[in-house]
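In: make a model of this:
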Amino acid sequence: MRTDERFKDRLPKIYVGICAFGDFSHEAFESFMFWWGQTCAKWCGRAELYLGLSPRKEQYRARNFLVQYAEEQGADFLLMLDDDQAPGHCPDMLEKFWELGKPVMGGLYYQRGGLYHPVVMQEFPGPNDQRKYRFVTPKELPTEPTPVDVVGHGCMWVDMEVYAKLKQPHHWPYPDEVAFVPDEEMRLDVHFCQRVRDM
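Out: Residues are numbered from 1 along each chain as shown. Below is the predicted model:
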């Protein structure tokens with residue numbers, strides 16, 4: 001069983017933030033409600049749970065909003081889920097993250113459309129010492145929890161102590177501070193995971 005000195009005399013606070021730009025699909029809403037109901041019942045007396053939804057904003061602004069709201073609630077952990085996930089298929093998701101106890105963790109999910117890559121990436125050296133990233137193939141996916149270079153924000157657990165140590169804004173589409181346009185290869189997931197790994 002996981003132990004954490006922070007919670008010797010109090011319950012942990014877990015904020016579940018849903019990143020949504022538009023309206024929920026009926027299927028996603030049903031899955032979220034099923035999962036949230038089960039999760040609240042299981043965690044009653046074990047943690048204080050909060051649920052929030054980002055307003056209609058660009059992705060990086062929505063993620064920063066969720067971090068800010070979790071901070072305002074005094075949350076210890078933030079579980080960020082995208083509105084197109086189906087958490088009802090993983091009713092023990094919170095237990096899995098809690099037991100693993102790592103500061104940043106992600107759940108496995110796949111891209112919509114296109115090649116349907118698993119949203120897990122591996123770093124490799126590029127020209128001029130550039131850090132490059134590629135999606136792992138389904139055959140390369142581990143069968144047990146394991147460290148990876150990049151995992152997607154669509155299902156990401158973050159200890160709020162990580163955000164406290166990161167320079168703000170936490171999520172930003174301009175990875176180079178002198179850049180004036182977003183780097184197409186440096187997406188939010190890559191940028192965030194790279195910063196956390198470097199820290």
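
In: okay, the helix ranked longest in the chain in PDB with CA atoms only?
Out: Using DSSP state H to define each element, the chain has its longest helix at helix 26-43. C-alpha atoms of helix 26-43 as PDB (Å, rounded to 0.1, in the frame of the first residue of the first chain):
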ATOM      1  CA  HIS A  26     -23.500  11.500 -25.500                       C
ATOM      2  CA  GLU A  27     -21.200   8.400 -25.400                       C
ATOM      3  CA  ALA A  28     -18.300  10.300 -23.600                       C
ATOM      4  CA  PHE A  29     -20.700  12.000 -21.100                       C
ATOM      5  CA  GLU A  30     -22.300   8.600 -20.200                       C
ATOM      6  CA  SER A  31     -18.800   7.100 -19.700                       C
ATOM      7  CA  PHE A  32     -17.600  10.000 -17.600                       C
ATOM      8  CA  MET A  33     -20.700   9.900 -15.400                       C
ATOM      9  CA  PHE A  34     -20.500   6.100 -14.900                       C
ATOM     10  CA  TRP A  35     -16.800   6.400 -14.000                       C
ATOM     11  CA  TRP A  36     -17.300   9.400 -11.700                       C
ATOM     12  CA  GLY A  37     -20.100   7.800  -9.800                       C
ATOM     13  CA  GLN A  38     -18.100   4.600  -9.200                       C
ATOM     14  CA  THR A  39     -15.000   6.600  -8.300                       C
ATOM     15  CA  CYS A  40     -16.700   8.800  -5.700                       C
ATOM     16  CA  ALA A  41     -18.300   5.700  -4.100                       C
ATOM     17  CA  LYS A  42     -15.000   3.800  -3.900                       C
ATOM     18  CA  TRP A  43     -13.000   6.800  -2.700                       C
END
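
In: can you list contacts of that helix?
Out: Residues from elsewhere that reach helix 26-43 (Cβ atoms under 8 Å, 6 or more residues apart in numbering): 14, 16, 18, 24, 49, 51, 81, 83-91, 93-95. Any C-beta I mention is one placed from the backbone N, CA and C, and that applies to glycine too.

In: now do that helix, average pLDDT.
Out: Mean pLDDT, helix 26-43: 94.

In: same question, stretch 79-99
Out: 95.

In: what lies in contact with it?
Out: Around stretch 79-99, the neighbours that count as contacts under Cβ under 8 Å, 6+ apart are 1-2, 14-22, 24-25, 27-28, 30-32, 34-36, 38-39, 42-43, 63, 66, 77, 105, 107, 109, 112, 145, 153-158.
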